[in-house]
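A.B. asks: Build me a model:
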Amino acid sequence: MIERSVTHATFSIERVYDAAPARVFAAWATPEGKASWFVGPVGWTQIERVFDFRVGGEERVKGSGESGRISDFRSHYFDIVPDGRIVYAYEMHIDDKRISVSLATVEFQAVGDGTRLVVTEQGAFLDGYDDAGSREHGTRWLLDNLDAALRYGA
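C.D. replies: The predicted structure follows:
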C-alpha cells in the first residue's frame, strides 16, 4: 500500500534582465521563445512539446534524461496580462508518478531599460516527494537559461 502525504512549500525568485518587458514576456509567451530556454539539462531528450499560450490554454513539456527517467510538465494558464503577469498551475510527473502540483505567478516590471521578473511558486509535494529545495534550484537554473537566451538570441 502506498503511504499518502503532502508537503507544502512556497518560494519566490527575483531577477533583473537587461531586456524590455515585452521581450522578456515574449520569451514566455511564444513557442520559439519558450523552447529556447525551458528545456531539460544536458543529455535530456524532448519527447513532446505542446504550447497553447492563452487563458484556458495548456502547455506540456515531456522528456527523458540520460538515466531514462521521464519528466512530464503539464500546465494550465489561468491569467495572462501581456507584458505584466502570467498565472498558471502545473503538475510534474516522473515516469508515471505525479510528484507535485503547483501554482506559479510570473510578474514582469519595467526597471529602467530592463525587466524585474518575480516568480512565485506555491507547491504541494506528494507522497514522499518532499523536495521543494530541488524545485527552487531547478527554477533558478531555468531562469539562468532564460538570461542566456535573452542575451544570445531569444
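A.B. asks: what ranges do the helices span in this protein?
C.D. replies: 21-29, 31-35, 132-152 (DSSP state H).
A.B. asks: of these, which approaches residue 13 most closely?
C.D. replies: Closest of the helices of the chain to residue 13 is helix 132-152, at 6.0 Å (criterion: CB to CB). Glycine gets a C-beta too; all of them are placed from N, C-alpha and C.
A.B. asks: if we can go back for a sec, worst mean pLDDT among the helices of the chain?
C.D. replies: Lowest mean pLDDT within the helices of the chain: helix 132-152, a mean of 91.
A.B. asks: what's it packed up against?
C.D. replies: With contacts taken as 3 or more CB pairs under 8 Å, 6 or more residues apart in numbering; DSSP states H and E, helix 132-152 sits against strand 6-17, helix 21-29, strand 114-126.
A.B. asks: can I get those in CSV with distance to residue 44 and mean neighbour count?
C.D. replies: Rendered in CSV, the data for these read as follows (distance: least, CB to CB, whole Å; neighbours: other CB atoms under 10 Å):
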stretch, distance to residue 44, mean neighbour count
strand 6-17, 21, 14
helix 21-29, 19, 20
strand 114-126, 21, 19
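A.B. asks: Quick one: find the helix or strand in this structure with the lowest mean pLDDT.
C.D. replies: Lowest by mean pLDDT, DSSP states H and E among the helices and strands of the chain is helix 132-152, with a mean of 91.
A.B. asks: just the angle between it and helix 21-29, please?
C.D. replies: Between the axis of helix 132-152 and that of helix 21-29 there is an angle of 120 degrees, by axes from the mean of the first three to the mean of the last three CA atoms, to 10 degrees.
A.B. asks: List the buried residues in helix 132-152.
C.D. replies: Judged by neighbour count (16 or more other CB atoms under 10 Å), helix 132-152 contains these buried residues: 132, 135-136, 139, 142-143, 145-147, 149-150.
A.B. asks: now the helices and strands packed on helix 132-152 in a markdown table, with distance to residue 54?
C.D. replies: Converted to a markdown table, the helices and strands packed on helix 132-152 look like this (distance: least, CB to CB, whole Å):
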| stretch | distance to residue 54 |
| --- | --- |
| strand 6-17 | 24 |
| helix 21-29 | 10 |
| strand 114-126 | 20 |
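A.B. asks: just how off-centre is the least confident helix or strand of the chain within its chain?
C.D. replies: Offset of helix 132-152 from its chain centre (CA atoms, centre = their mean, to the nearest Å): 9 Å.
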